[in-house]
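In: have a look; sequence and predicted model below, questions after that.
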Amino acid sequence: MQFTLNKTLRGGVILFATLFLFVFSITASAEPEPNGLKNLDFREVIKESKDKVFPTVVFIKCVRENLQGGKKVSQEVSGSGVIISATGEVLSNWHVVDKATEVRCLLLDGRAVSAKVLGTDKDTDLAVLQLNLPADIGPLPFARIGDSSKLKEGDFVMAMGAPWGMSRSVSIGIISCTSRYLPQNSEYTLWLQTDAAISPGNSGGPLVNTAGEVIGINTRGTMSGGDTGFAIPTDVINDVVAQIRKSGKVDWSWTGLQLQPLRDFNRNIYFNFTEGVMVAESDPESPARRAGIQAGDRIMRLNSQTMTALTEEELPAIRRQIGMLPKMTPAKIEFMRQGQLMSVDLVPREKGIVEGEELDFPRWDFTLKSINQFDNPDLHFNRAKGVFIYGIKYPGNAQTAGLLARDILVKIDGKEVTELDEVKALHQAALDDLANKNRVVLSILRNGLMRQTVLDYSRNYEKK
């Protein structure tokens, strides 16, 4: 009942807005005309902007490997993308093509072509693909990237893509918020919020303004609580695409600085300053910790450039600025500590991979993953270098032995293991000697406590 009422009200609002704009018209161009501003029918504005971008929308299907269930399985997933160059570059989301072994793209004219992943960035959830085009195909239509910083709440936008695997579609709405902070989704991104429908499968598709420009990449939506979707703005997109084109990845620098705004509403902490950004903490063994920066310091300038974050919405831009610092090159940090201005040289290092590798272990019936300080900070705290159980097969030998996902594997038959290759070698040796031995003693770390368990792999669940 609530769902029906909300949809009815929303439909009435959109209808009213459309009729209002149709009667009074809207300005489609900021250029003055002899008889005043150029006025167009709202429907014509939407049609023209849609026609500029819709031919560039790509339906993406991927075959990916999934190890979360305790064994390697292939699954088909779908998403969206948008062509951004005449040579067939496609912009999409990292989570659409993550771990893909095969990528196929459907163009508007019905042609299906394979694609190569040129580069991805998990931190911003962006990816760039290259369509494998025939030599005689000629230039492709491509979308123009606009300026998301010019958006205002209430501006009309269209979300394009392939929701629910249905090839392609377009939905219309407004910009609900131009600067939505979602700290659990990306430390570098300030999101565009829209009520244009963004459903599963729309990920990677373009968010388009009434000028027919891409001003965001659709990335997240909600399944309840109204039509609320989020798109990555072009200020982030431009930085990431440039780096992927250059080196196939984004070389983020890492300092270990944990920042806090001067007016921290969520933590109910307010600092009586109008300039700077607070240091909440620094990560252990990080460049910031080694430089002597402490919690409570107020950073004023980075390489002589002022830095201020009054609210949390200003943090992502500062983090991007820090993340783009040259690696292994001293950066001058000026900060206030107990009323005194101080400075230190901080040497950022390469952030490196932000997710560990995965590997399956048949007959033992589990999958393992390398511990990564950015992906698994809690496990990294207990063991800086190591591997943990990523998935348990049900039913299976690992399950029977009482192993659980996120157990840190420390030893196999008394031999310490810290890398996947070490476990792989011991696993292969165990399978080769299956006729003589079918048990191993595993030492695991669970919730900070060490324990041992016997893994009996005499039973082959694959034959069931």
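Out: Yep, that arrived.

In: now the residue nearest to the spatial centre of the chain: closest residue in space, sequence neighbours ignored.
Out: Closest residue to the average C-alpha location of the chain: Asp125 at 2.4 Å, with Cα atoms, centre = their mean. Closest residue to Asp125 apart from its sequence neighbours, by Cβ to Cβ, 6 or more residues apart in numbering: Trp94 at 4.7 Å. Quick note: C-beta positions are derived from backbone N, CA and C, even for glycine.

In: before we move on, the earlier item: show me the contacts for the residue nearest to the centre of the chain.
Out: 93-95, 185-186, 189, 219, 232 (Cβ atoms under 8 Å, 6 or more residues apart in numbering).

In: again, 10 Å this time
Out: Shown in contact with Asp125 (Cβ atoms under 10 Å, 6 or more residues apart in numbering): 92-96, 98, 185-186, 189, 203-204, 217, 219-220, 232, 236, 240.

In: same thing with Arg446?
Out: Contacts of Arg446 (Cβ under 10 Å, 6+ apart): 382, 388-389, 403-404, 406-408, 453.

In: which ones among those are found in strands?
Out: 388-389, 408, 453 (DSSP state E).

In: can I get those in a markdown table including distance to Phe156, pLDDT and neighbour count?
Out: Formatted as a markdown table, those follow (distance: Cβ to Cβ, whole Å; pLDDT from 0 to 100; neighbours: other Cβ atoms under 10 Å):
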| residue | distance to Phe156 | pLDDT | neighbour count |
| --- | --- | --- | --- |
| Phe388 | 47 | 98 | 22 |
| Ile389 | 49 | 98 | 22 |
| Ile408 | 51 | 98 | 20 |
| Thr453 | 59 | 96 | 16 |
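
In: which among the residues you listed gets closest to Thr210?
Out: Closest approach between those and Thr210, by Cβ to Cβ: Phe388, at 49.0 Å.

In: my read is that that closest one contacts Val417, right?
Out: No: if you go by Cβ atoms under 10 Å, Phe388 and Val417 don't touch, sitting 11.1 Å apart.

In: who touches both of these two?
Out: Joint contacts of Phe388 and Val417 (Cβ under 10 Å, 6+ apart) are 368, 409-410.

In: quickly find the element holding the closest residue to Asp239 other than its chain neighbours.
Out: Counting by Cβ to Cβ, 6+ apart, Asp239 lies nearest to Arg320, which is 6.8 Å off, once chain neighbours are set aside. In the assignment (DSSP states H and E), Arg320 maps to helix 315-323.

In: list the buried ones in that helix?
Out: 315-320, 322-323 (16 or more other Cβ atoms under 10 Å).

In: isn't Trp297 right up against Phe271?
Out: Heads up, residue 297 is Asp, not Trp. No: at 11.7 Å, Asp297 does not count as touching Phe271 under the criterion of Cβ under 10 Å.
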